[in-house]
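Task: produce atomic coordinates for the following.
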Amino acid sequence: MLEVQHSISQLQKPKGKSLIYIRGQNFFFWASYCIILSYLPLYFHERGLNTKKIGFILAVGPFVSIFGQPFWGIVADRLNSIRRTILLLAVCSTALCIGVYMVNGFYTTFIYLKMLNFFCF
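Below is the predicted model:
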């Protein structure tokens, strides 16, 4: 019993500066994502999408994230490298975020935004 408590207390200790960098990157990613997400309906309305299409695009995102986040957790565990997985996700998320603003039309916007939701960590 003492061994189990000792190993649990070791898991809760921070692992140095890398943990601070991961937490900071996660904070700034989600802060910018929330800022961008709040203006997306206005942006899509200016691009000519009606309210039903905008609602559909934004409603499917959390559903995609339900499957994407556990998938990337499994990938990080299999590769045994959280840092490489987070770096991959950050690069893909940045590219897709730029792509959302470059595409035209409902279907391409839908695909890019759903891929962005899949690669969000």
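
Give me the residue ranges of this protein where confidence is low.
For the chain, the stretches flagged by pLDDT under 70 are 1-16, 121.

could you pull out the helices for it?
Counting by DSSP state H, one finds helices in the chain at the ranges 2-11, 17-46, 51-79, 82-100, 106-119.

Show me what the second one packs onto, helices and strands only.
Using 3 or more CB pairs under 8 Å, 6 or more residues apart in numbering; DSSP states H and E as the contact test, the elements touching helix 17-46 are helix 51-79, helix 82-100. (Glycine included, C-beta is placed from N, CA and C.)

Now tabulate those in TSV and tack on mean neighbour count.
Shown next, in TSV, are those (neighbours: other CB atoms under 10 Å):
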stretch	mean neighbour count
helix 51-79	13
helix 82-100	15
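
Can you tell me which of those helices is nearest to Tyr33?
Nearest of the helices and strands packed on helix 17-46 to Tyr33, taken as CB to CB: helix 82-100 at 8.3 Å.

elements contacting that closest one?
Helix 82-100 sits against helix 17-46, helix 51-79, helix 106-119, with contacts defined as 3+ CB pairs under 8 Å, 6+ apart.

Please render those as a markdown table that adds distance to Leu88 to the earlier fields.
As requested, those are exported to a markdown table (distance: least, CB to CB, whole Å):
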| stretch | distance to Leu88 |
| --- | --- |
| helix 17-46 | 13 |
| helix 51-79 | 9 |
| helix 106-119 | 8 |
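
nearest to Leu87, of those helices?
For Leu87, the closest of the helices and strands packed on helix 82-100 is helix 17-46, at 9.4 Å, according to CB to CB.

and the closest one, which residues are buried?
Of all the residues in helix 17-46, those buried under the rule 16 or more other CB atoms under 10 Å are Phe29, Leu40, Phe44.
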